[in-house]
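Colleague: quick one, fold the following:
(chains A and B)
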Amino acid sequence: DAMVIQNPRYQVTQFGKPVTLSCSQTLNHNVMYWYQQKSSQAPKLLFHYYDKDFNNEADTPDNFQSRRPNTSFCFLDIRSPGLGDAAMYLCATSRDRRTGRLNEQFFGPGTRLTVL
Amino acid sequence: GQNIDQPTEMTATEGAIVQINCTYQTSGFNGLFWYQQHAGEAPTFLSYNVLDGLEEKGRFSSFLSRSKGYSYLLLKELQMKDSASYLCAVLRGKAAGNKLTFGGGTRVLVKP
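Modeller: Just a heads-up that it's a prediction; the model follows:
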């Protein structure tokens, strides 16, 4: 089945130790998104790629970086995780269309990050 | 700026009906999505409205009024498995990067 895959599902890191979260997709969608979701809160968009064009949200901390080496893969790098970065990180994809439901975003299962 | 409001929590009985309201203020409106999210899992698509009116899909229906900046999700014949958070999300068009802005979610608890 075509899908969005995130690895690992659970990640534990130490305060200040760099960590990378992975996302891959078999949908061949050209837009990929990273969201941060803290407990009982809405997903918050960190950045997205439109093909190889990187779009950062204005309030995304510099501590968060991303790479998209090809259509299928996208990575979230947290350079120096703090306790406040503990959250669920959701990857999503969409096919670019001007209108309509085809803008639907498909979400991966998420990676829950714990910072010790 | 953008603002999306929905109630924090609702409780209902199995077999009953619940209506979750969502109001929004945004520019570049290109549709409104409802997602269901079970605890610890990813959001899954429920419905999409871009024109005014009611969209019905089985036990779930969604309504949109663009002039009022208002939508609701109607859940009928509630089942225990419907206990989840329901996220209202507004899509802004390509000029705004095809971005989804989520409301805070409404946690629905279905009781026997």
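Colleague: for chain B, which segments count as strands?
Modeller: B:3-5, B:9-13, B:18-25, B:29-37, B:44-49, B:53-57, B:60-65, B:70-75, B:84-92, B:100-102, B:106-111 (DSSP state E).
Colleague: does any part of the second one sit near chain A?
Modeller: This means strand B:9-13. No: counting by C-beta under 8 Å from any C-beta of the partner chain, chain A has no neighbours in strand B:9-13; the shortest distance is 9.6 Å. The way it works is simple: take the backbone N, C-alpha and C, and place the C-beta from them, glycine included.
Colleague: A:Q65 contacts A:R79, doesn't it?
Modeller: Yes: taking C-beta atoms under 8 Å as the definition, A:Q65 is a contact partner of A:R79 at 6.6 Å.
Colleague: contacting residues around the helix or strand of chain B with the lowest mean pLDDT?
Modeller: Least confident element among the helices and strands of chain B, by mean pLDDT, DSSP states H and E: strand B:100-102 (a mean of 89). Strand B:100-102 has contacts (C-beta atoms under 8 Å, 6 or more residues apart in numbering or on different chains) with A:42-45, A:105, B:2, B:4, B:26, B:33, B:87-92.
Colleague: 6 Å instead, please
Modeller: If you take C-beta atoms under 6 Å, 6 or more residues apart in numbering or on different chains as the criterion, strand B:100-102 is touched by A:42-43, A:105, B:2, B:87, B:89-91.
Colleague: any quick ChimeraX command for the buried ones out of the residues you listed?
Modeller: A single ChimeraX command is used to select the members of the contacts of strand B:100-102 judged buried by 16 or more other C-beta atoms under 10 Å in any protein chain shown:
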select /A:42,43,105 /B:87,89,90,91
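Colleague: which of the contacts of strand B:100-102 scores worst on pLDDT?
Modeller: Of all the contacts of strand B:100-102, B:Q2 carries the smallest pLDDT score, 70.
Colleague: strands paired with the least confident helix or strand of chain B, and their directions?
Modeller: Strand B:100-102 pairs in its sheet with strand B:84-92 (antiparallel), by DSSP bridges.
Colleague: please export the C-alpha coordinates of the strand it pairs with as CSV.
Modeller: The C-alpha trace of strand B:84-92 is given here as CSV (Å, rounded to 0.1, in the frame of the first residue of the first chain):
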residue,chain,number,x,y,z
ALA,B,84,-10.7,10.5,19.8
SER,B,85,-9.7,14.1,19.1
TYR,B,86,-11.2,15.8,16.1
LEU,B,87,-9.2,18.4,14.4
CYS,B,88,-10.6,21.2,12.3
ALA,B,89,-8.0,22.4,9.7
VAL,B,90,-8.2,25.3,7.3
LEU,B,91,-6.3,25.0,4.0
ARG,B,92,-4.9,28.2,2.6
